[in-house]
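Trainee: For reference, the sequence and a predicted model appear below.
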Amino acid sequence: MRPPRFAHASVPLAAPSASADAGGPSPIAWLAARRGVPVSRNLTLLATAAFCLSFGTAAQNAVGNNFQVETLGMTAADRGLMEGGRELPGLLLAFISALAAAVPLPLLAAAMLAMMAIQYF
């Protein structure tokens, strides 16, 4: 069984250039090597996925806002009503969680059992 290979063992500490060959270190591997952090393929994939997810979310938000205003002709009040309806369940969940924390567990369990029984009828 061979020991795991980390990028910092073979990555040069010179900054990556634009004309680097395809076999050169990725920018993530280069930065991690400079800091002495071992980089695996999984860490590189995780960092890439996090970047792509953030970029996609930002693009979707920008396109969605423009679509609502320019194509659908929504005003700020319309968008506020739409956002309020979407955020209301999360706000209610915070209040329900606080209420559940204040109620004794046997009473909470009985209430949940009663709700479950009502759903079966």
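Mentor: Alright, I've got the coordinates. Numbering: from 1, shown residues only.

Trainee: Give me the secondary structure label for Ser97.
Mentor: helix (DSSP: H, G, I helix; E, B strand; the rest coil).

Trainee: Next one: it relative to Ala29, how far apart?
Mentor: In this view, Ser97 and Ala29 are 42 Å apart by CB to CB, to the nearest Å. The C-beta positions use only the backbone N, C-alpha and C, and glycine is treated the same way.

Trainee: With Val103 instead?
Mentor: Counting by CB to CB, the gap from Val103 to Ala29 is 52 Å.

Trainee: Leu53 now?
Mentor: 20 Å.

Trainee: For those two, indicate the residue with more neighbours.
Mentor: Between Leu53 and Ala29, counted using other CB atoms under 10 Å, the more crowded position is Ala29 (23 against 10).

Trainee: Let's verify Val39: helix, strand, or coil?
Mentor: Following three-state DSSP, we place Val39 in the coil state.

Trainee: Next, find the distance separating Ser97 from Gln119.
Mentor: For Ser97 relative to Gln119 (CB to CB), the value is 21 Å.

Trainee: neighbour count winner among the two?
Mentor: Under the criterion of other CB under 10 Å, the comparison of Ser97 against Gln119 puts Ser97 first, with 10 against 7.

Trainee: For that one, give me the pLDDT.
Mentor: On pLDDT, Ser97 comes in at 91.

Trainee: Check the gap between it and Thr48 for me.
Mentor: For Ser97, the distance to Thr48 equals 35 Å [CB to CB].

Trainee: what about Arg79, neighbour count?
Mentor: For Arg79, the neighbour count with other CB under 10 Å is 15.
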